[in-house]
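Undergrad: Sequence and predicted structure, then a few things I'm wondering about:
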Amino acid sequence: MILFWLATGIIAVTFTYIFSPQSPDPWDPLNTAGLVAGLYLLILLLSTLRKPLHRTTVISGWAAALIAGAATVFVWTGYDAQSHYQAELLSEIRGRISRGVIAHEFSEHLLKVLESYHHQPPRQNRSLGAVFQETVGAGIGSNLHEPSYESDRLRITVASISADEVVLIAEEGYVKGRDLGFRNLDGGMGMVQELARLTAKGITYESQN
Amino acid sequence: MNHKTDRPEIPAVFRPWLLFLALATLAIVFLTPGLGGKERHQVSKEFQLTVFPWMPAGHITISNGLDTFSGISPNPISEGQRATMLIGLVLSLVVGPTLLLVAWRQWKTTMVPRRWHPPALLLGGVLVVSTMVPPVILAASQWNALESMRRVQDLSRERDLMIHALGKVGRDALQFRILPSSLGGGDGTFRGYRVSEDMKQSDAFSCELIMAADTMITLRAVSASGSRLQITGNVSSAGVMRFDFQESEE
């Protein structure tokens, strides 16, 4: 009898776990197999906690099973929710750091250009594009970001330079943006991308993803 | 009929204190990593014997989050990790309860102890106690711990958003200082700067200008939530921003 129960339970849970669709999230197959294990436990309890056992024994057994089961479900789902919350929070923090770095780098380059443009000697009347190329020393397609650590995949690309406008586009190589279907400048999908447009009136920012 | 005389003698192994002692000892050994729970049973680098399958799953999820944070592609779940979760699930929710309940029911209903009853009860008891007792204890404290952690993280998120907003206003002020007055700028001074309406107010906080001098501007962000957080930011004409954090009196 005991071998039948063991074999049934082990096979049911193992097969459910193994044949659940595999995903990068370990919780999907685990939760599915956990539900099957819970169903198995319920059948096992219904089968064992019944007559001819004494009524008090049956009630005590069910009470203990309910308390332990509820606590296990609570802790299990708590771990599930909390670990996902932590992982998402890390991703969100990374996104905020990244957008902060981008905003800082945009303004670092472009405010310098804006200042040089508006404080030109009276006789000089260089265009905004010319001031940018002179101050920053970069042409269209250049990457203005210097990596500060090994896996730093931020790029700040000079998208366009004209006489009265300079456009920079910053994109992260691995930090996900709001829309996962967004096509990034470098061909990637769904990553953070911000745009800054410099004109004589100042800088306007556009959060593209 | 006297039932007491009909019942067979219960073997000495069923003495409650002995069973309790054995269960408690094994539970301690099983649950304490330093005493062998993890290290002794480790058969490969990634496989660990556990009766809490949700713990390795949580570990993998957070580890993947950390990898993403660090710019590393998360590793796929290894066979060792999958085995850890599956075996933990089978031991905790199938093997333990089955051994304990089936052996116990058979022993109680027939009153004839079999040779497999003591080891089955012992092993089943250890597994059930190891699996079910810690969650009962943890469940009581987990709710408060989770709520407390979320409050701290919400506060941290609010602080980051306020710093980000102050930085945005600071950069806008720097631009104002650079622009000539013909383009609505300060012509070399922060004096006359106003925080624009779209940057002034959000659902979570408000930004205000405290002081604007020639080479320095002071801004303040005040939380609209119950955290009473205030951040004061000083922006110099060189573009240096300094932040000071405090909780408001009210």
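TA: The structure has been received and is ready for your questions. Numbers count the residues shown, from 1 in each chain, chains lettered A, B, ... in the order given.

Undergrad: which strand in chain A runs the most residues?
TA: Secondary structure of chain A per DSSP state E: the longest strand is strand A:166-176.

Undergrad: Give me the distance between that one and the centre of its chain.
TA: Computed by Cα atoms, centre = their mean, to the nearest Å, the chain-centroid distance of strand A:166-176 equals 16 Å.

Undergrad: Kindly report the same for stretch A:182-200.
TA: The chain centroid and the centroid of stretch A:182-200 are separated by 18 Å under Cα atoms, centre = their mean.

Undergrad: next one: stretch B:86-103
TA: Distance, centroid of stretch B:86-103 to centroid of chain: 27 Å (Cα atoms, centre = their mean).

Undergrad: is any part of the next helix or strand after the longest strand of chain A close to chain B?
TA: Heading C-terminal from strand A:166-176, the first helix or strand you meet, by DSSP states H and E, is strand A:191-199. No: looking at strand A:191-199 against chain B by Cβ under 8 Å from any Cβ of the partner chain, there are no contacts, and the closest approach is 9.9 Å. Backbone N, C-alpha and C define where each C-beta goes, glycine included.

Undergrad: For strand A:191-199, name the packing helices and strands.
TA: Applying 3 or more Cβ pairs under 8 Å, 6 or more residues apart in numbering or on different chains; DSSP states H and E, one finds that strand A:191-199 makes contact with helix A:55-118, helix A:128-136, strand A:166-176, strand A:202-207.

Undergrad: Alpha carbons of it, as PDB, please.
TA: Extracted in PDB, the C-alpha atoms of strand A:191-199 (Å, rounded to 0.1, in the frame of the first residue of the first chain):
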ATOM      1  CA  MET A 191      16.300  48.600 -24.300                       C
ATOM      2  CA  VAL A 192      16.400  52.000 -22.700                       C
ATOM      3  CA  GLN A 193      16.700  54.700 -25.300                       C
ATOM      4  CA  GLU A 194      16.700  58.500 -24.700                       C
ATOM      5  CA  LEU A 195      17.200  61.400 -27.100                       C
ATOM      6  CA  ALA A 196      18.500  64.900 -26.600                       C
ATOM      7  CA  ARG A 197      18.000  67.700 -29.100                       C
ATOM      8  CA  LEU A 198      20.200  70.800 -28.800                       C
ATOM      9  CA  THR A 199      19.100  74.000 -30.500                       C
END
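
Undergrad: so who does the residue of chain B found nearest chain A touch?
TA: Of all residues in chain B, the one sitting closest to chain A is residue B:65 (2.9 Å; Cβ to the nearest Cβ). Shown in contact with residue B:65 (Cβ atoms under 8 Å, 6 or more residues apart in numbering or on different chains): A:86-91.

Undergrad: ok, those vs residue B:57, which is closest?
TA: Distance to residue B:57, by Cβ to Cβ, is smallest for residue A:87 among those, at 11.6 Å.
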